[in-house]
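Student: Fold the following, please.
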Amino acid sequence: MLIATAFGSVAQVHLVKTPEGARRQLTFFEDRPTSGVSYQPTKGEYFIFRKESGGDGNFQIYRFDLASSAVTLLTDGRSRNSAGIWSQSGDRIAFTSTRRTGRDADLYVLNPLDSGSTRMVAQLDGGGWFALDWSPADRRILMEEYVSINESYLWLVDVQNGQRTLLTPKGGAEKTAHHDARFTRDGSGVFVLTDQGGEFQRLALFDLRTREYRQLTTSIPWDVFQYSVSPDGRTLAVVTNEEGFLVLRLLDASTGAERAVPGRTKRLVGVTGVTWHRSGRWLGLNLDSERSSTDAYSLEVATGKLEQWTVSETGGIDTRQFVEPELIRWKSHDGLMISGFLYRPPARFSGKRPVVIDVHGGPEVQWQPYFLGRQNYLMNELGIVLLFPNIRGSAGYGKSFLKLDNGLLREGAYQDIGALLDWIQTQPSLDAERVMITGFSYGGHIALMAAARYSKRLRGVIDQSGPSNVVTFLERTAPYRRDLRRAEYGDERDPAIRAFLERTAPSNNVSNITTAVFVVHGGNDPAVPTSEPEQVIQALRPRGVPVWYLLAKDEGHGFSNRANRDYLFYATLSFIRTYLLN
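Tutor: Residues are numbered from 1 along each chain as shown. Modelled structure (predicted):
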């Protein structure tokens, strides 16, 4: 089993040969972690992986030879490349790359044993193209054209001549999303996650001849988060997102009927990374909970035997003391019910407790309960309540909820935070006079927005990598991202939308900001350039507002280097002690 873990500064690839066996480190990079790791599927003599440099977002594909430990660069070293998808024969990978224009994600194939074999298959328009799977005879490649979280289409591309065939229709009254599609074993259809005909992302079988869908998970009223098809094509390992909890199910691939796992009376929860062993005997998976960090496991499907392959160290801390979250709900300004997860400190902390609200990024993702790691320090040592909201626009609650913050509707998402502050005031155990908001990426934007709207109700905000003005963000973000983000926030070239975005921009409302602000950013961030934090800082400092600024020159969109992450954590504790607790 190949696993990723960080003993040094960033996550590296390790080889584990047996359950709870020794880990042998294979990669030794200093600046950024590896991703997109996969064995060559027929012999397993090497694997491929992706890595960027300094957080620049320009991922390159590499080959690692297990016999010699040699690492070979396979892509051009400059462009942004998607993860490689293996052909059925295992002699080629398909991937998309921006090497032609810096904006458009064209389709390429190459033999990983020959870096000079790279060939463009199809020239494509836009940055939202991804290779998903090869047909059984390796003649066609299944691709996704991603427009937004609510709109994406499936295409077939001929490997020889690049001819494209649209599978899922465009132009309907209701936009439909299609994700994570894969061919059936006989090539007559594809499995796909889609919200076609319903609110949630369901697993469907799409017939390539009739172009009709057969829904397989209609009895499950939740999004299918992930799935994996067994090598014989008969069984589907499906992970469902049940109000934030990730649950493993086994389904019959023909009927969608759920199969019981022998010897297991309860479903596995906190599951990600589900992958079949090519024998079909085992499932590889990750398990994570509030009291245990992510570890790799194998599940023997016929017997239900679960074996742990890695045992993560927690520095001698007894994680059994860590608390489980409470699912909370509050009513927003328009009557819409919003939910989130609340973590309370130990009972030894008496009286009303201060609160840190942590808003997820995206915005089209969802905060899910997982191992909080060092964030447990805030609860267990400082007595702080942590609250993770899933405001409108979050995934996991149906496509109607997902669309409620698009374009001019974003005002509603901002007001969800105001309603949450109102809810905190009604809770006798929470101290509404001591509240702080933090967030990463879009969550950082929400934190700045809260500072501009609710300063008198906040002790401080922490913005990590968030836009301070959506207009300037859209104008300056990396070219391959621009149209994808316009689909979410609105097109700033439209006068009405531009006026709304300028009116609501935190950087244009600094006169309302009186609470302390901590801005955190990566100097190489291609998604949200450094002009975003700097314009709001330059506007705030002459006004005498307390402003802290942490710029990591060797990071991109988020911090990966352990030394930087440690520094950020200690700086955050200092900011919290100074402005929230004092």
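Student: got any ranges where the stretch 51-200 of the chain has weak pLDDT?
Tutor: Along the stretch 51-200 of the chain, no part satisfies pLDDT under 70.
Student: so where do the strands sit in it?
Tutor: With DSSP state E, counting those that start in this stretch, the ranges of strands along the stretch 51-200 of the chain come out as 60-65, 71-73, 85-86, 93-97, 106-111, 114-122, 129-134, 140-148, 151-158, 164-166, 178-183, 189-194.
Student: okay if I get these as CSV plus mean neighbour count?
Tutor: Every C-beta, even on glycine, is put in place using the N, C-alpha and C of the backbone. Converted to CSV, the strands of the stretch 51-200 of the chain look like this (neighbours: other Cβ atoms under 10 Å):
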stretch, mean neighbour count
strand 60-65, 20
strand 71-73, 14
strand 85-86, 20
strand 93-97, 25
strand 106-111, 20
strand 114-122, 15
strand 129-134, 22
strand 140-148, 22
strand 151-158, 19
strand 164-166, 13
strand 178-183, 20
strand 189-194, 22
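Student: Tell me how many other residues surround Thr184.
Tutor: 17 (other Cβ atoms under 10 Å).
Student: ditto for Gln226
Tutor: Around Gln226 there are 22 other residues, counting by other Cβ under 10 Å.
Student: who's in contact with it?
Tutor: Asp180, Val238, Val239, Thr272, Gly273, Val274 (Cβ atoms under 8 Å, 6 or more residues apart in numbering).
Student: Quick check: the fourth one vs Arg202, distance?
Tutor: Here Thr272 is placed at a distance of 19 Å from Arg202 (Cβ to Cβ, to the nearest Å).
Student: More neighbours: these two, which one.
Tutor: More crowded of Thr272 and Arg202, by other Cβ under 10 Å: Arg202, with 25 against 16.
Student: For the more buried one, list the residues it contacts.
Tutor: Arg202 makes contact with Leu193, Thr194, Asp195, Gln215, Leu216, Thr217, Thr218, Ile220, Val224 under the criterion Cβ under 8 Å, 6+ apart.
Student: Then Ala302?
Tutor: Ala302 neighbours (Cβ under 8 Å, 6+ apart): Pro262, Arg281.
Student: same check, this time on the one 4 residues further on
Tutor: By Cβ under 8 Å, 6+ apart, the contact list for Leu306 reads Arg264, Leu268, Tyr297, Ser298, Leu299, Glu300.
Student: hmm, 10 Å instead?
Tutor: By Cβ atoms under 10 Å, 6 or more residues apart in numbering, Leu306 lies in contact with Pro19, Val261, Gly263, Arg264, Leu268, Leu283, Leu285, Leu287, Tyr297, Ser298, Leu299, Glu300.
Student: Pull out the buried residues from those.
Tutor: For those, a burial check counting by 16 or more other Cβ atoms under 10 Å picks out Val261, Leu268, Leu283, Leu285, Leu287, Tyr297, Ser298, Leu299, Glu300.
Student: farthest-separated two in those residues?
Tutor: Using Cβ to Cβ, the two most remote members of the buried ones among the contacts of Leu306 are Leu287 and Glu300, lying 15.0 Å apart.
Student: tell me, what residue is most central in the chain?
Tutor: Val365 (6.7 Å; Cα atoms, centre = their mean).
Student: Checking my notes, that residue in a helix, right?
Tutor: No. Secondary structure of Val365 (DSSP: H, G, I helix; E, B strand; the rest coil): coil, not part of a helix.
Student: Roughly how far does it sit from Leu402?
Tutor: Distance, Val365 to Leu402, using Cβ to Cβ: 10 Å.
Student: Give me the common contacts of the two.
Tutor: Ile149, Gly393, Ser394, Ala395, Gly396.
Student: what's around the third one, how many residues?
Tutor: In this case it means Ser394. The tally of other residues near Ser394 (other Cβ under 10 Å) stands at 26.
Student: same thing with the first one?
Tutor: Using other Cβ under 10 Å, Ile149 has 22 neighbouring residues.
Student: Next one, pLDDT for the spatially closest residue to it that is not a sequence neighbour please.
Tutor: Of all residues not flanking Ile149 in the chain, Glu364 sits nearest, at 3.9 Å (Cβ to Cβ, 6 or more residues apart in numbering). In this model, Glu364 is scored at 91, pLDDT.
Student: ditto for Pro221
Tutor: Pro221 is assigned 92 on the pLDDT scale.
Student: Same check on the one 3 residues further on?
Tutor: Per-residue confidence at Val224 stands at 96 (pLDDT).
Student: What separation do you get for it and Leu540?
Tutor: 44 Å.
Student: now swap in Thr477 and tell me
Tutor: From Thr477 across to Leu540, the span is 23 Å (Cβ to Cβ).
Student: sorry, back to before: burial measure for the residue nearest to Ile149, as a count.
Tutor: Residues within reach of Glu364, counting by other Cβ under 10 Å, total 19.
Student: Please give me every residue in contact with it.
Tutor: Contacts of Glu364 (Cβ under 10 Å, 6+ apart): 148-150, 393-395, 402-403, 405-406, 442, 487-488.
Student: of all the contacts of Leu306, which comes closest to Asp133?
Tutor: Among the contacts of Leu306, and counting by Cβ to Cβ, the member closest to Asp133 is Leu283, at 19.2 Å.
Student: Looks like the closest one contacts Ser298 (just checking).
Tutor: Yes. In this structure, Leu283 is within contact of Ser298 by Cβ atoms under 10 Å, at 6.8 Å.
Student: Tell me the secondary structure at Arg577.
Tutor: Three-state call for Arg577 (three-state DSSP): helix.
Student: Leaving out chain neighbours, which residue sits closest to it?
Tutor: Using Cβ to Cβ, 6+ apart, the closest residue to Arg577 is Leu382 (7.8 Å).
Student: you'd agree the one you found is up against Ser574?
Tutor: No. The pair Leu382 and Ser574 fails to qualify as a contact (Cβ under 10 Å) at a distance of 11.9 Å.
Student: Using PDB, write out the CA atom coordinates for stretch 233-246.
Tutor: Extracted in PDB, the C-alpha atoms of stretch 233-246 (Å, rounded to 0.1, in the frame of the first residue of the first chain):
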ATOM      1  CA  GLY A 233     -18.000  -4.900 -12.100                       C
ATOM      2  CA  ARG A 234     -20.500  -6.500  -9.700                       C
ATOM      3  CA  THR A 235     -20.100  -4.500  -6.500                       C
ATOM      4  CA  LEU A 236     -20.100  -0.800  -5.800                       C
ATOM      5  CA  ALA A 237     -18.400   0.600  -2.700                       C
ATOM      6  CA  VAL A 238     -20.300   3.800  -2.100                       C
ATOM      7  CA  VAL A 239     -19.600   6.600   0.400                       C
ATOM      8  CA  THR A 240     -22.700   8.700   1.200                       C
ATOM      9  CA  ASN A 241     -22.600  12.100   2.800                       C
ATOM     10  CA  GLU A 242     -25.300  12.000   5.500                       C
ATOM     11  CA  GLU A 243     -25.500  15.500   6.900                       C
ATOM     12  CA  GLY A 244     -21.700  15.700   7.000                       C
ATOM     13  CA  PHE A 245     -21.000  12.200   8.200                       C
ATOM     14  CA  LEU A 246     -19.300   9.900   5.500                       C
END
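Student: List the buried residues for that stretch?
Tutor: Under the neighbour-count criterion of 16+ other Cβ under 10 Å, stretch 233-246 has Thr235, Leu236, Ala237, Val238, Val239, Thr240, Asn241, Glu242, Gly244, Leu246 buried.
Student: And for stretch 202-209?
Tutor: Within stretch 202-209, the residues scored as buried using 16+ other Cβ under 10 Å are Arg202, Leu203, Ala204, Leu205, Phe206, Leu208.
Student: of these, closest to Glu502?
Tutor: For these, the nearest to Glu502 is Arg202 (39.2 Å; Cβ to Cβ).
Student: For the lowest-mean-pLDDT helix or strand in the chain, give me every contacting residue.
Tutor: The weakest-scoring helix or strand in the chain, judged by mean pLDDT, DSSP states H and E, is strand 258-259 (a mean of 90). Contact with strand 258-259 is made by 217, 219-220, 234-236, 238, 249-252, 267, 301, as judged by Cβ under 10 Å, 6+ apart.
Student: What ranges does this structure have for its helices?
Tutor: 376-380, 399-402, 410-425, 442-454, 470-476, 479-489, 495-504, 531-540, 562-576 (DSSP state H).
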